[in-house]
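K.L.:
fold the following and give me the result.
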Amino acid sequence: MSYEDPNKAVEDVTKKAAPIAKAAEEGVTKAVKAVNENPSVKEAKKAVKDAAKEVNVENHVLRYWEEELHLPIKRNELGHRYYTKEDVERFKQIKSMKERGLQLKAIKMILKNGKIDILSGQQEL
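P.N.:
The predicted model follows:
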């Protein structure tokens with residue numbers, strides 16, 4: 001199809017492209033909504049400094065505990081650690097055990113697969 005009037009060509013292409021653009025926009029909107037509703041996306045990811053602040057320890061302490069206790073801390077595509085709410089809670093429990101006098105060797109024995117294995121009868125560590 002050839003056009004002698006450029007304005008007519010633009011008008012015709014715009015009419016044909018409009019439904020395609022609308023469908024694409026709706027598709028992107030649906031995809032964004034699906035991602036935002038995914039529980040794993042809603043999970044807060046904290047950098048080491050933010051997690052350390054929440055646990056009330058220095059950054060290096062979290063990294064040391066991770067290494068010594070073989071904790072399964074996730075990393076992003078750049079290899080940087082990020083901490084979930086569950087990770088922060090685990091570190092708070094580890095800190096509590098340390099404050100009660102337990103050494104990392106003892107804490108390591110309490111951990112099961114990097115998670116606190118609550119011993120029978122104990123509600124809070």
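K.L.:
just the element for Gly79, please.
P.N.:
Counting by DSSP states H and E, no helix or strand carries Gly79.
K.L.:
gap between it and Met109?
P.N.:
30 Å (Cβ to Cβ, to the nearest Å). Every C-beta, even on glycine, is put in place using the N, C-alpha and C of the backbone.
K.L.:
again with Pro6
P.N.:
On the measure of Cβ to Cβ, Pro6 and Met109 end up 79 Å apart.
K.L.:
how many neighbours does Leu102 have?
P.N.:
16 (other Cβ atoms under 10 Å).
K.L.:
now swap in the one 4 residues further on and tell me
P.N.:
When neighbours are defined as other Cβ under 10 Å, Ala106 has 11 of them.
K.L.:
neighbouring contacts of stretch 74-86?
P.N.:
By Cβ atoms under 8 Å, 6 or more residues apart in numbering, the residues outside stretch 74-86 that reach it are 43-48, 50-51, 62-63, 66, 73, 91.
K.L.:
one more time with 6 Å
P.N.:
Defining contact as Cβ atoms under 6 Å, 6 or more residues apart in numbering, one finds that stretch 74-86 is touched by Glu43, Ala44, Lys45, Lys46, Val48, Ala51, Ile73.
K.L.:
if anything else comes up later, I'll come back, but that's it for now.
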